[in-house]
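Q: Build the 3D model from these lines:
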Amino acid sequence: MLLVEDQENKVAEWAGLVLGKPIIQPAKIFGVVEDDGLLKGAAIFNDYQGPGGNIELTYVGPGTLTKNVMRQMAEFAFVACNASRVTLKTMRSNLVARKLLGNKKHGLVHECVLKRYYSTEKGGDALVFVLSRDHAKRWLGGSIE
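A: Take a look at the predicted model:
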């Protein structure tokens, strides 16, 4: 799997359909494509606070989060953008995402809960996870300072 920049907003349209809501610009969007060019996922970076600050990541694509994709996302956030951290949110009710984000081997740390972030329904809280620059070294082979 490989990250490919979305230059014609086709990935943004696809991700919006999968998520059930439009992707708000400005955002830097990459498609996750297989060797045959088939779109399988999307990495959407937005709310960039500038060098040394936070960048948000929304990821869509069940079963596509490979080590190579993680490495490429970390390179974009921490090398190209020089971010200090990447923030990811998921609904409390999204058990698959919670298991993935809560897996310590990925380097993400659970930071907080945003009550009723997605909805007032049960499970509508947002769980916030952070990948810090220090923990990203695992994905970049220790190549960032």
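
Q: I'd like to know how far residue 14 sits from residue 61.
A: Computed with Cβ to Cβ, to the nearest Å, the distance linking residue 14 and residue 61 is 10 Å. (Each C-beta comes from the backbone N, C-alpha and C, glycine too.)

Q: who touches both of the two?
A: Common contact partners of residue 14 and residue 61 (Cβ atoms under 8 Å, 6 or more residues apart in numbering): residue 42.

Q: Excluding chain neighbours, what is closest to residue 64?
A: Beyond its immediate neighbours in the sequence, the residue positioned closest to residue 64 (Cβ to Cβ, 6 or more residues apart in numbering) is residue 41, lying 3.9 Å away.

Q: element containing that neighbour?
A: Element membership for residue 41 (DSSP states H and E) is strand 39-46.

Q: And for residue 87?
A: Per DSSP H and E: strand 85-91 holds residue 87.

Q: tell me the angle that strand makes with strand 39-46.
A: 120 degrees (axes from the mean of the first three to the mean of the last three Cα atoms, to 10 degrees).

Q: other SSEs contacting the worst-scoring helix or strand of the chain on mean pLDDT?
A: Between all helices and strands in the chain, the lowest mean by mean pLDDT, DSSP states H and E belongs to strand 2-5, at a mean of 86. Strand 2-5 is packed against strand 27-33, helix 67-74, with contacts defined by 3 or more Cβ pairs under 8 Å, 6 or more residues apart in numbering; DSSP states H and E.

Q: same thing but at 10 Å, please
A: Packed against strand 2-5 by the contact rule (3 or more Cβ pairs under 10 Å, 6 or more residues apart in numbering; DSSP states H and E) you find strand 27-33, strand 39-46, helix 67-74.

Q: could I get these as TSV with mean pLDDT, mean neighbour count and distance to residue 82?
A: Listed next are the helices and strands packed on strand 2-5 as TSV, based on pLDDT from 0 to 100; neighbours: other Cβ atoms under 10 Å; distance: least, Cβ to Cβ, whole Å:
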stretch	mean pLDDT	mean neighbour count	distance to residue 82
strand 27-33	94	21	14
strand 39-46	95	21	13
helix 67-74	92	18	12
